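*Asks:* below are the sequence and a predicted model for it; my questions follow.
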Amino acid sequence: MQALGGIIRKTLAVAKRRLEMKLRDVILLTLDEEEIVAWAKEQGLPAELGSLSQHPRVHKLVQTELDRANAKYARVEQVKKFAILDHDLSQEGGELTPTLKVKRSVVNQKYADLLDSLYSDRR
């Protein structure tokens, strides 16, 4: 899935090794700190990325962007659930290579509990 709007920095489609799960069912995403903080200030919300990543109004904003992006895909390819990370992926965190490619196996392992909770909470 390509960029979803100014507030979303990165998306990562995650495929679990289970037959019943589709590739695009669940994504992890990070927020563009500059864009989301500017939006938050306009909305009178705290301007701290960690708080914003959990704020219901931010989740609603992201859901609106996902709905717009999902309209371009067949139902089976659409994102059903998402989680917003409270930080960007980084080399220091071990999530990116020196060429800034996502280390999917590291991300899958590092966020396994979060991903499992998203999959177990599917409708």
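*Replies:* Good, I have the coordinates.
*Asks:* which other helices and strands does the helix or strand of the chain with the lowest mean pLDDT contact?
*Replies:* Ranking every helix and strand in the chain by mean pLDDT, DSSP states H and E puts strand 8-13 at the bottom, with a mean of 75. Strand 8-13 is packed against strand 26-31, with contacts defined by 3 or more Cβ pairs under 8 Å, 6 or more residues apart in numbering; DSSP states H and E. No exception for glycine: its C-beta is placed from N, CA and C like everyone else's.
*Asks:* if we look at the helix or strand just after the strand it packs on, which residues are touching it?
*Replies:* Using DSSP states H and E, the helix or strand that directly follows strand 26-31 along the chain is helix 33-43. Helix 33-43 is contacted from outside by 6-7, 9, 46-47, 49, 52, 57-58, 61, 88, using Cβ atoms under 8 Å, 6 or more residues apart in numbering.
*Asks:* one more time with 10 Å, if that's ok
*Replies:* Residues from elsewhere that reach helix 33-43 (Cβ atoms under 10 Å, 6 or more residues apart in numbering): 5-9, 30-32, 45-49, 51-53, 55, 57-58, 61-62, 84, 87-88.
*Asks:* need the longest helix for the protein.
*Replies:* The residue-count maximum for a helix in the chain (DSSP state H) belongs to helix 56-70.
*Asks:* and the residue of the chain most remote from its centre, how far is that from Gly50?
*Replies:* For the chain, the residue at maximal distance from the C-alpha centroid (Cα atoms, centre = their mean) is Gly44, at 23.2 Å. To Gly50, Gly44 is 18 Å away according to Cβ to Cβ, to the nearest Å.
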